[in-house]
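Coordinates for the following, if possible.
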Amino acid sequence: MKGKCRIIILIVLAQFLGTSLWFVGNIVVPQLPISALQNPDAVSDVLATVQFGFITGTLVFAVLAFADRFSPSKVFLICALLGAITNLTLLLPGVQYQAILSSRFSTGFFLAGIYPVGMKIASDYFEKGLGKVLGYLVGALVLGTALPHFLNSFGIAIDYKSITIITSALAALGGILIGFGVPNGPFRKQQQKLKISGILALFKVKAFRLAAFGYWGHMWELYAFWGFLPLFIKFYAIENEQVLNIPLWAFITIGMGTLSCAIGGHLSKRFSSTKVARFSLLASGICCVLSPFSLQFPPVLFIAFMLFWGAVVVADSPQFSTLVATHAIPEYRGTALTLVNCIGFAITILSIQLLGHFALANDLKYLFLVLAAGPIFGVLSLGRTNL
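The predicted model follows:
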């Protein structure tokens, strides 16, 4: 038991450290001394580039089955070190806009060998109770996602050079913790040679296919909700003449997901990952539908509504990843997690872009109604099955 607790702690800590390269983009990029970044669209483009890098990386890692053919711990180590190095290129003297784009794209690319590969490592150790472990793992990542809002809420300005160096060091440390502290798990099934046909074989498994569909419906909502959350809270404050610390409430709302992921992981042992994921998806879909009415709520009720939404919008994420890992062909588990992540994050770009255009052309009151399509699709995909 002590050995397994140690493994859980190392995986969660290393994941958090490794993905710190992702979390701080919102803090570092706007501070870079490049005239092109004075254009708000340029900042958005740079921040989006890391997403495209991640999508490209997950696609390459999935097709080449790196995490299944080679030791996932070593893949994690190498990608964490390379991600740390590419992150440091932001500090090169005289760095230009195109170099910044290349740096963020490369960092996102190597994050593909950290986030989904970390889940693969966890699944190699915990066939039973995987939902609980991934609950802690995703919960830590949610906290990291909320961190920039926390810093902004207090007006904390951290020098971009310092935070770039620190996050690169933390990512390298995370890679070392996994690479030298977490050997291959007892449930790992190594793929002996590259078989592209294995990707098609994955989707022939009905349970895997339904889990993937549910995850993609969840991803349609998640990142768009996080991205436009401050705007929605600000709109409420203006409409109701309230004074709110918007970054602080955005941090608390997103941070609620840390608790819900952990709690959902424990509940999955009693009720199953499918039931926890279905409930969370249904609840967040209802929140999407109720969002226009929430603008009429009194402040206390509005805040309570947003905190509940912040909890349920992500609580299903570790459970869907559990279902994907559980129902994937064992030799292709790493490929399955990576590919499902790849498509999921591609979907987030579509929903974020759609919401951005919607916000410009329509009343913000109805902003989050667009997101209801994702949970509806996910719930319908799961149906009444208990995967």
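
Beyond the helix or strand bottoming out on mean pLDDT in the chain, next helix or strand please.
In the chain, no helix or strand scores lower on mean pLDDT, DSSP states H and E than helix 25-28, which sits at a mean of 73. Later in the chain than helix 25-28, the nearest helix or strand by DSSP states H and E is helix 40-64.

Could you give me the buried positions within that next one?
Neighbour counts over helix 40-64 (16 or more other Cβ atoms under 10 Å) mark 42-43, 45-59, 61-62 as buried. To be clear about C-beta, it is placed using only N, CA and C from the backbone, and glycine gets the same treatment.

Do you know the pLDDT at I156?
For I156, the pLDDT comes out at 69.

Next, the buried residues of the helix or strand where F279 lies.
Assigned by DSSP H and E, F279 falls within helix 273-294. Within helix 273-294, the residues that count as buried by 16+ other Cβ under 10 Å are 273-285, 287-288, 291, 294.

about what we covered before: what does the least confident helix or strand of the chain rub up against?
Helix 25-28 is contacted from outside by 46-47, 50, 90, 104, 148, 151, 158, 160, 163-164, using Cβ atoms under 8 Å, 6 or more residues apart in numbering.

tally of neighbours for Q96?
Q96: 11 surrounding residues under other Cβ atoms under 10 Å.

Relative to N87, how far out is the nearest residue to it once chain neighbours are set aside?
Once flanking residues are discounted, Q96 sits nearest to I34: 7.1 Å by Cβ to Cβ, 6 or more residues apart in numbering. Computed with Cβ to Cβ, to the nearest Å, the distance linking I34 and N87 is 16 Å.

Those two: which has the busier surroundings?
The neighbour comparison of I34 against N87 (other Cβ under 10 Å) goes to N87, with 27 against 15.

re the thing from before, show the pLDDT at the residue nearest to Q96.
74.

and what of I252?
Per-residue pLDDT puts I252 at 95.

can you pull the buried residues of whichever strand or helix holds it?
Element membership of I252 [criterion: DSSP H and E] is helix 246-271. Judged by neighbour count (16+ other Cβ under 10 Å), helix 246-271 contains these buried residues: 246-247, 249-258, 260-262, 264-265, 267-268.

Quick one: distance of the helix or strand where I8 lies to the chain centre.
Per DSSP H and E, I8 falls inside helix 2-18. Relative to its chain's centre, helix 2-18 lies at 18 Å (Cα atoms, centre = their mean, to the nearest Å).

by contact count, what packs against it?
Counting contacts by 3 or more Cβ pairs under 8 Å, 6 or more residues apart in numbering; DSSP states H and E, helix 2-18 packs against helix 72-88, helix 115-125, helix 130-153, helix 160-181.

For L177, give me its contacts.
Residues near L177 by Cβ under 8 Å, 6+ apart: 10, 13-14, 17.

can you list the residues you listed in a markdown table and add pLDDT?
Listed next are the contacts of L177 as a markdown table, based on pLDDT from 0 to 100:
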| residue | pLDDT |
| --- | --- |
| L10 | 93 |
| L13 | 92 |
| A14 | 92 |
| L17 | 90 |
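
with the residues you listed in mind, which one is nearest to G356?
L17 (31.3 Å; Cβ to Cβ).

I'd say the closest one and L170 touch.
Yes - applying Cβ atoms under 8 Å, one finds L17 in contact with L170, separated by 4.4 Å.

ok, S153 - contacts?
By Cβ under 8 Å, 6+ apart, S153 lies in contact with 245, 247-248, 250-251.

any idea of the pLDDT on the residue lying closest to G135 once chain neighbours are set aside?
Once flanking residues are discounted, G135 sits nearest to G265: 2.2 Å by Cβ to Cβ, 6+ apart. For G265, the model assigns a pLDDT of 93.

how near is G265 to S280?
The value you get for G265 to S280, if Cβ to Cβ is used, is 12 Å.

what residues do the two have in common as contacts?
Common neighbours of G265 and S280 (Cβ under 8 Å, 6+ apart) are Q319.

in whatever helix or strand G227 lives in, what counts as buried?
G227 is located in helix 206-239, with elements delineated by DSSP H and E. Residues of helix 206-239 classed as buried: 208, 210-226, 228-233, 235-237 (neighbour count, 16+ other Cβ under 10 Å).

Over to stretch 71-88?
Buried, per 16+ other Cβ under 10 Å, within stretch 71-88: 71-88.

Please consider this matter closed, and thank you.
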